[in-house]
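Peer 1: Following is a predicted model, sequence given first.
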Number of protein chains: 2
Amino acid sequence: VWGDPERCPKDLANGAAVRVTGTVRASPRQDQQAIELHVDTTEVIGSCPGEVYPLATKRHSLEYLREKTHLRPRTATIAAAMRIRSSLTHHVHTYFAATAFFQVHTPILTTNDCEGAGETFGVTAPAYTTPRSRAASVEPPAQCRTTTAAKTDDAAHFFGRPAHLTVSGQLHAEAMATALSRVYTFGPTFRAENSNTPRHLAEFYMLEAEVAFGGLDTAVGIAEACIQHCAEALLADESAVRDLELLWAHAEANGPTADVGAWTKAVDAPFARMTYTDAIGALADSAVEFRYPVSWGIDLKHEHEQWLARALHGGPVVITDYPAAIKPFYMRRNDGDATVACFDLLVPGVGELVGGSAREERLDVLEAAIPAGAHDALDWYVDLRRYGTVPHAGFGMGFERLIQYFTGISNIRDVIPFPRHVGTCRL
Amino acid sequence: VWGDPERCPKDLANGAAVRVTGTVRASPRQDQQAIELHVDTTEVIGSCPGEVYPLATKRHSLEYLREKTHLRPRTATIAAAMRIRSSLTHHVHTYFAATAFFQVHTPILTTNDCEGAGETFGVTAPAYTTPRSRAASVEPPAQCRTTTAAKTDDAAHFFGRPAHLTVSGQLHAEAMATALSRVYTFGPTFRAENSNTPRHLAEFYMLEAEVAFGGLDTAVGIAEACIQHCAEALLADESAVRDLELLWAHAEANGPTADVGAWTKAVDAPFARMTYTDAIGALADSAVEFRYPVSWGIDLKHEHEQWLARALHGGPVVITDYPAAIKPFYMRRNDGDATVACFDLLVPGVGELVGGSAREERLDVLEAAIPAGAHDALDWYVDLRRYGTVPHAGFGMGFERLIQYFTGISNIRDVIPFPRHVGTCRL
């Protein structure tokens, strides 16, 4: 509030950096805002030429803002999303610190041969780098230096074998869990997937936990407790709630609204749970005509997951014991059964938020499950069963999906600061 | 303590996984340990064949353990190092959360042209990936699937232009700081450096902070407060102190001991501070014969940094205002001077622990400083000065070096779970 309009500088434009001093007072319009600032002095530190500034005071579409990646965190919507992302990051760490987990940094670069298959990014290194006599500066190197270094096809000459970007820290986390008992890893993960959709990123964040001396129920319980801790911590934080309300309003103005914010009504309710076999039965018995037909043995599609979470349970549901044939080799085989001790947590809107399992700890069963040709590459992983093997279990959670679940933001590209996906890697 | 030796199972070998029940009692030998467990039952869950188990009960060299990357966290030394790493990670997050910072996840993959120069890793993508109709599973994909995907030379076809692994999140963090004011980023960073030394990693962790409305002193103050918070939090944690004492004893048994643990004696002492010009003067006036001659304009070598921290100050020292010619373009030029408003924090043993600066916020000065040919690639970065520019500053801290400083571990490969460096990328 400028008592004297003359005190409002002429160059106080949208986007300018300003320093304002004054007195904070209760607002006379309490229904609109709690406090207001009565200004004594205003200094424009950095002006902003409104005629060329890409952000107008009007509301821009999220599509437009994605092209202004470096400026969009200045908008109310993206700033709120980034603050919620920061809060959730903190709550995740707080949850695991309070429950006797150690955080481990599993590697981004990996030479696990079998992780080089399929949709992974490879890595190249300059053919000739100059040996240096002292350690690299901690400060980033002077960028844009010219260089005569040639590029080669892969990093085989650098590491001695081809390296890839990790698709999961799980196998490494298992090595750490069989030493430190309870570990989690939380960081970027990569998928070179040719899917240009609102649900895919090439670089995304995964939270992965592994626990020794535990089974399927242990993993489900930790995932549930972690999500509930995050939900409660968000709702206990006034400024986070203001950001959430802004984002919910934005989501409701832009699309289907049924589920946005619905999680707040049942923060500490235990998640519903059913087996894959029962889920297939319920889907088959429903009157819904799915695009993909339902039968025992199929992998559940997004439409099936949505029906189970939204229509059948009206909230999160844990589906357990999928067919072994559609799950990875490391999941623990159920006794006398064609299923494995695994689970997916499905939530309305987002779909699969968490996937996990008991890990096969029986040496002979694991060795029989490892795909042909991969035994050499996984010999270190089998070592974890040769030497003091222990029942253990874990899960992976898509962190962007967690943010989407809480905020109602429909496009995954709007919950990460610098989205990377096929066709796009800005800045 | 097995009261009856018969109760101790015959297959209770080193490396086995066991479940033991009993009663915790005060130990009669309090000088050796505080408590002991009087055993009722012992169950060997996973046995361990001692004749082939790579870890004996005797102490192995750290060199040997590096070749058993997946098993070495089971040793007392590496387990202690990993627990300290976990604690320090937590203390870093706690410090920034308590001081009104937002955590931002700056990208690993970047297309900043000028970051592609020199010692950076490039990225390749499969030439043909199969489009999928549903989102990727959160659970890691079934590894070791065979694939027909061909590899191409770079990821240009995937992202539309070549992508690299980040060498620093700083420029991206600046974009976030000019929106959210106070931000930090903490994650893996990459340098394809051909240096096979105990001081280099190809994948290492950096903590980087950026603050709007601040200058050089702001950045120095935050780095100092963060380190002191971490030091105090470690020393306030009994189990961390036990781990530190084990690691200090190990370090003292293996090498020069002068500085190990010395930081505990001056946890809250302000860091000494001097300008680069004064540091050059002190080095020149010293009677020491350095391998690299000293004169104004040189970049300080490890031997110089060690003399300044160890001999001259006997502890951490902040060196400010280096010559512009040896520093990156984005550092703020000091008025009427050939120096920039930057600092390096040097500590005994480790050397450079932190590097930071005020960032050049003046549009014309920045544009003149940007290297020829890089203006197009950095146009987005210059935008941050075109639209509401603001004085801001930040720093980067080498997280492995912080662990080395506190623990006295001399080889950087022993403070990260899965070390990657030229010639080595195990698992």
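Peer 2: Done, it's in.

Peer 1: Am I right that A:Cys425 is in contact with B:Val123?
Peer 2: No: under the criterion of CB atoms under 8 Å, A:Cys425 makes no contact with B:Val123, lying 9.2 Å away. Heads up, the C-betas are built off the backbone N, CA and C, glycines and all.

Peer 1: quick one: which of those two has more around it?
Peer 2: Taking neighbours as other CB atoms under 10 Å in any protein chain shown, A:Cys425 and B:Val123 compare with B:Val123 leading, 28 against 25.

Peer 1: So that one lies in a strand, does it not?
Peer 2: Yes: B:Val123 sits within a strand when classified using DSSP: H, G, I helix; E, B strand; the rest coil.

Peer 1: Hmm, it is touching A:Thr120, no?
Peer 2: No: counting by CB under 8 Å, B:Val123 does not reach A:Thr120; the two are 10.5 Å apart.

Peer 1: overlap in contacts of those two?
Peer 2: Listed contacts common to B:Val123 and A:Thr120 are A:Leu165; contacts here mean CB atoms under 8 Å, 6 or more residues apart in numbering or on different chains.

Peer 1: Quick one: residues contacting A:Cys8.
Peer 2: Contacts of A:Cys8 (CB under 8 Å, 6+ apart): A:2, A:39, A:42.

Peer 1: what about the closest residue to the first one other than its chain neighbours, distance to A:Ala16?
Peer 2: Read that as A:Trp2. Of all residues not flanking A:Trp2 in the chain, A:Cys8 sits nearest, at 4.4 Å (CB to CB, 6 or more residues apart in numbering or on different chains). Using CB to CB, to the nearest Å, A:Cys8 is found at 12 Å from A:Ala16.

Peer 1: Then A:Ile45?
Peer 2: Plainly put, A:Ile45 is 8 Å away from A:Ala16 if you go by CB to CB.

Peer 1: the more surrounded of the two?
Peer 2: Neighbours were counted for A:Ile45 and for A:Ala16 using other CB under 10 Å; A:Ala16 has more, 20 against 15.

Peer 1: what about the stretch 101-250 of chain A, any weak spots by pLDDT?
Peer 2: Residue ranges of the stretch 101-250 of chain A with pLDDT under 70: A:113-118, A:128-155.

Peer 1: Show me where it has its strands.
Peer 2: A:102-103, A:109-110, A:122-124, A:164-165, A:182-190, A:203-212 (DSSP state E, counting those that start in this stretch).

Peer 1: Distance to chain B added to these, as JSON lines?
Peer 2: Listed next are the strands of the stretch 101-250 of chain A as JSON lines, based on distance: least, CB to the nearest CB, whole Å:
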{"stretch": "strand A:102-103", "distance to chain B": "4"}
{"stretch": "strand A:109-110", "distance to chain B": "5"}
{"stretch": "strand A:122-124", "distance to chain B": "4"}
{"stretch": "strand A:164-165", "distance to chain B": "7"}
{"stretch": "strand A:182-190", "distance to chain B": "5"}
{"stretch": "strand A:203-212", "distance to chain B": "5"}
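
Peer 1: chain center to the longest strand belonging to chain A, what's the gap?
Peer 2: Ranked by residue count, the top strand of chain A under DSSP state E comes out as strand A:35-46. From the chain centre to the centre of strand A:35-46 is a distance of 38 Å (CA atoms, centre = their mean, to the nearest Å).

Peer 1: Could you do stretch A:57-72 as well?
Peer 2: With CA atoms, centre = their mean as the basis, stretch A:57-72 stands 22 Å off its chain's centre.
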